[in-house]
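Colleague: Attaching a predicted model along with its sequence, questions to come.
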Amino acid sequence: MSDRENAHFTRLLELLHQEREEDLQQFLRSVRERPLGERVEQGYTWYPLNVLQTGFALGEKAFVIVERTSRLHEPHQLRAGQSVSLFTQAPHVDSPEKQGVINFVERNKMKIILNARDVPDWLGQGQLGVDMLFDDRSYQEMVRALEKVMAAKGDRLAELRDLSTPTHHHKKPTAPATATAPATGLNPSQQAAVRSILENRDFAIIHGPPGTGKTTTVVSAIQGLVETENTVLVTAPSNTAADLLTERLAAKGLNVVRVGNISRVDDAVLAHTLDAILANHPESKNIKKVKIQAAEYRRQARRFKRSFGAEDRREREHLKTQARELELWANTLEDRLVDEILSNAQAITCTLVGASHPVLRKLKFHTCVIDEAAQALEPACWIPILKCSRVVLAGDPFQLPPTVKSLEAARNGLSTTLIERCLEAMPAQVSLLTVQYRMHQAIMDFSNQYFYGGALEAHASVADRRLEQPYEGNWPADAPAPERPVVFIDTAGCGFEERMATGQSARSLSRYNPEEALLLREHLLQLLQRLRGDTQEPAGQPLPSIGILSPYREQVNYLEQLFREDAEFGPLMKPLSGPGRHPEGAAHLLSINTIDGFQGQERDVIYLSLVRSNAKHEIGFLQDYRRMNVAMTRARMLLVVIGDSETIGNNKFYQAFLDYCAAEGAYRTGWEFMR
């Protein structure tokens, strides 16, 4: 390893330790140091709980399914994959906590895989709760991966490490193209990307701007890879992204196994999880019976406490021996089934940290695919790379960056991703997808020029797709003409000052702008009135799907309350299901979220509330142009941005956007909507 490489990875280790410490301190301040009541109110704790079910999961782990009995359906911070503590407040209990990992959260129910062979004896005594814990496992796995990368010498891992550094500018290495040609239905840039994946023996990089079909391209490439490889390892930084890949691969008929915890319990995903496949196996019932019997022997052995005679001691040891023998038998059967399932899989999907799962620890793969690589910390990417000989990185460095909690670590390079380094180190291996299928031409053009050098083109099916009035001659006489696809509503001079969230009800030091929210509501109300005409909702003409975004969580909270309590908009925020579901597949006609929380989604109409309005021209979060790129490219037919040009106009990015709106879109003033 060169001195430059050694310095890079040594620095990564230092930054990772710095990030862990900042993450831990934030966790302690916001969670562990607060009293139980505050933790419950802020969503870090569920209390009180009822136990719905107990049982045994993969390996020697017990599970418990619980249901909260208060604050039903209120938002919370607990997610699948998080470490938690199941606890009791009942008096006179020894060891009143058991740690575990959330397997799934569905409405008010939660399944926890305990780090224990048995459920605790106090489970039936009540006063139960679940506390979020600081999860150190991901940091441990990233450190372990970096240490292995640094120690690699004379092997394939060392070669991949060396190739990823900008000092190595190699010609495009290829292998014999033995796989089938790319699937039909792909455009030329997608076909070229698939060929690059199939032919490169080291790295292939797929640069996929918004709406260009990156996931479609990756899935098509995996279809080609499985023709010549036993199993492809398919990873992503988040559970949501790994779930999407699982669904898409399964839809193509591939035998895919999802390993690890999943973030949403979707039937299409659940059927492909290792747990579900094991549970449906004919031998699983026998294994479960053996585990239950072993647990019963352990329970009986625990009856012998404090002083007991020789005969009781022999009985206790006999029960313990029987429990161990049954466990060994059950685990042997289960290991054999797991090996059989994984060896027959064409694709194994997991998160980056999930690639260190015990069931994958001994497995090696020829190809590892890392999707959404621009959202992944570099140390996390090396976890799956340890297991493979060839790497496919897919993502867009001009969209959301990885989350880094330490500002100093981010400034010093932890936020620089592996795909960014590889784009610089090996430009010959980069395939840019150039045709986008989501946005109207006018919505695409600003990002296209600013981030992608004008390389993108809108497909004919979307280039001029607009919101259209349902009936001829049905526009109210005093209503303005239909909006152009891109609109900026300028609140300069309107007195819409931003505010800082304060008080115990504030979940974070975030900003909001209530007047801007009211203006947004008024514009949307006028838009819906024009689309509906004289009717509440035209027959056969569903309303467009609408997304309202802001970079600030407190503005999202304010907007959610404002719209949910509104008789006009509240019904649009209710979940859709059955035959009335929106044809575009949105769960709600109207959804409100942060930009980060909306990643990967799209809507017919997007509203973007910028919030910032102050005399100092401070824009904070808005300086992350990648986040803005994500927000502006979620819209299919109409993008409405609301902000204060006086505050944002000193920034070159926003001035360029204001100039674009003035020339190509609609530039309106907030005074038009003030009553």
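Modeller: Now that the structure is in, tell me what you want to look at. Residues are numbered from 1 along each chain as shown.
Colleague: Now do the strands in the stretch 401-550 of the chain.
Modeller: Per DSSP state E, counting those that start in this stretch, the stretch 401-550 of the chain carries strands over the ranges 430-432, 435-436, 457-458, 486-490, 499-500, 511-512, 546-550.
Colleague: quick one: average pLDDT of the second one?
Modeller: This points to strand 435-436. For strand 435-436, the per-residue pLDDT values average out at 97.
Colleague: List of residues touching that strand?
Modeller: With CB atoms under 8 Å, 6 or more residues apart in numbering as the contact definition, strand 435-436 has outside contacts at 187, 189-190, 209-213, 444, 456-459, 462. For every residue, glycine as well, the C-beta is placed using N, CA and C.
Colleague: Tell me the buried residues in stretch 415-431?
Modeller: Residues 415-423, 425-426, 429-431 are the ones in stretch 415-431 that count as buried (16 or more other CB atoms under 10 Å).
Colleague: In helices, which of those residues fall?
Modeller: Of the positions in these, 418-423, 425 sit in helices, assigned by DSSP state H.
Colleague: Among the residues you listed, find the lowest-pLDDT one for me.
Modeller: At the low end of pLDDT for these is Ala425, which has 89.
Colleague: quick one: that one and Ser164 touch, right?
Modeller: Yes. A contact is recorded between Ala425 and Ser164 when judged using CB atoms under 8 Å, the distance being 6.0 Å.
Colleague: quick one on the thing from earlier: ok, the ones in helices among the buried residues of stretch 415-431 vs His73, which is closest?
Modeller: Of all those, the one sitting nearest His73 is Ile419; the distance, using CB to CB, is 38.4 Å.
Colleague: Could you pull up the residues touching the nearest residue to that closest one once chain neighbours are set aside?
Modeller: Counting by CB to CB, 6 or more residues apart in numbering, the nearest residue to Ile419 once its immediate chain neighbours are dropped is Ala373, at 4.1 Å. Residues in contact with Ala373 (CB under 8 Å, 6+ apart) are 237, 381, 393-395, 417-419.
Colleague: for the chain, what's the longest strand?
Modeller: Counting by DSSP state E, the longest strand found in the chain is strand 45-56.
Colleague: which helices and strands does that strand pack with?
Modeller: In terms of contact count using 3 or more CB pairs under 8 Å, 6 or more residues apart in numbering; DSSP states H and E, strand 45-56 is assigned the packing partners helix 36-41, strand 62-68, strand 128-132, helix 284-301.
Colleague: strand partners of the third one, parallel vs antiparallel please.
Modeller: For strand 128-132, the paired strands and their directions (DSSP bridges) are strand 45-56 (antiparallel), strand 83-88 (antiparallel).
Colleague: Please identify the most buried of these.
Modeller: By mean neighbour count, with neighbours taken as mean count of other CB atoms under 10 Å, strand 83-88 ranks first of those at a mean of 21.
Colleague: angle of it against strand 62-68?
Modeller: Counting by axes from the mean of the first three to the mean of the last three CA atoms, to 10 degrees, strand 83-88 points 70 degrees away from the direction of strand 62-68.
Colleague: Quick check: closest non-adjacent residue to Arg107.
Modeller: His73 (6.8 Å).
Colleague: would that neighbour count as being in a helix?
Modeller: No. Read with DSSP: H, G, I helix; E, B strand; the rest coil, His73 is coil and lies in no helix.
Colleague: ok, Gln26 - contacts?
Modeller: With contact set as CB under 8 Å, 6+ apart, Gln26 has these partners: Lys405.
Colleague: same deal with Ile383?
Modeller: If a contact means CB under 8 Å, 6+ apart, then Ile383 has 141-142, 145, 352-353, 355-356 as its contacts.
Colleague: Make a markdown table out of those and add secondary structure and distance to Ile606.
Modeller: Converted to a markdown table, those look like this (DSSP: H, G, I helix; E, B strand; the rest coil; distance: CB to CB, whole Å):
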| residue | secondary structure | distance to Ile606 |
| --- | --- | --- |
| Glu141 | helix | 36 |
| Met142 | helix | 34 |
| Ala145 | helix | 38 |
| Leu352 | coil | 29 |
| Val353 | helix | 32 |
| Ala355 | helix | 34 |
| Ser356 | helix | 37 |
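Colleague: what's the distance between Asp339 and Val257?
Modeller: In this structure, Asp339 and Val257 are 12 Å apart, going by CB to CB, to the nearest Å.
Colleague: between the two, who's got more neighbours?
Modeller: Taking other CB atoms under 10 Å, Asp339 and Val257 do not tie; Val257 has more neighbours (23 against 13).
Colleague: buried sites along stretch 494-501?
Modeller: Using 16+ other CB under 10 Å as the burial criterion, the residues of stretch 494-501 that qualify are 494, 496, 498, 501.
Colleague: now stretch 512-519
Modeller: 512-513, 515-519.
Colleague: Retrieve the pLDDT associated with Leu622.
Modeller: 92.
Colleague: which secondary structure element contains Arg161?
Modeller: Using DSSP states H and E, Arg161 sits in helix 156-163.
Colleague: Point out where the stretch 401-550 of the chain drops to low pLDDT.
Modeller: 468-482, 503-509, 533-541 (pLDDT under 70).
Colleague: could you pull out the helices for it?
Modeller: For the stretch 401-550 of the chain, the helices defined by DSSP state H, counting those that start in this stretch occupy 407-409, 418-425, 441-452, 514-532.
Colleague: and stretch 277-292, C-alpha only, in PDB?
Modeller: Extracted in PDB, the C-alpha atoms of stretch 277-292 (Å, rounded to 0.1, in the frame of the first residue of the first chain):
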ATOM      1  CA  ILE A 277     -38.100 -18.800   3.700                       C
ATOM      2  CA  LEU A 278     -36.900 -20.700   6.700                       C
ATOM      3  CA  ALA A 279     -40.300 -20.500   8.400                       C
ATOM      4  CA  ASN A 280     -42.000 -22.000   5.300                       C
ATOM      5  CA  HIS A 281     -39.600 -24.800   4.900                       C
ATOM      6  CA  PRO A 282     -41.100 -28.300   5.800                       C
ATOM      7  CA  GLU A 283     -38.400 -28.900   8.400                       C
ATOM      8  CA  SER A 284     -38.900 -25.600  10.200                       C
ATOM      9  CA  LYS A 285     -41.800 -27.000  12.400                       C
ATOM     10  CA  ASN A 286     -39.600 -29.700  13.700                       C
ATOM     11  CA  ILE A 287     -36.800 -27.200  14.500                       C
ATOM     12  CA  LYS A 288     -39.200 -25.000  16.300                       C
ATOM     13  CA  LYS A 289     -40.500 -27.800  18.400                       C
ATOM     14  CA  VAL A 290     -36.900 -28.800  19.400                       C
ATOM     15  CA  LYS A 291     -36.200 -25.100  20.300                       C
ATOM     16  CA  ILE A 292     -39.300 -24.900  22.400                       C
END
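Colleague: chain center to that stretch: distance?
Modeller: 32 Å (CA atoms, centre = their mean, to the nearest Å).
Colleague: now stretch 214-229
Modeller: The chain centroid and the centroid of stretch 214-229 are separated by 22 Å under CA atoms, centre = their mean.
Colleague: residues in contact with that stretch?
Modeller: Around stretch 214-229, the neighbours that count as contacts under CB under 8 Å, 6+ apart are 178-183, 186, 190, 193-194, 197-198, 206, 208, 232, 234, 244-245, 248-249, 252, 254, 346-347, 365-367, 369, 371, 392, 394-396, 433.
Colleague: Please flag which of those residues sit within strands.
Modeller: In this view, the contacts of stretch 214-229 that belong to strands under DSSP E are 206, 232, 234, 347, 365-367, 369, 392, 394-395.
Colleague: which pair in those spans the largest distance?
Modeller: Largest pairwise distance in the ones in strands among the contacts of stretch 214-229, by CB to CB, is 21.2 Å, between His366 and Gly395.
Colleague: So for those two, which residue has more residues nearby?
Modeller: The residue with more neighbours, out of His366 and Gly395, is Gly395; 26 against 16, by other CB under 10 Å.
Colleague: these two touch, right, that one and Ala374?
Modeller: Yes. Here Gly395 lies in contact with Ala374, judged by CB under 8 Å, at a distance of 3.6 Å.
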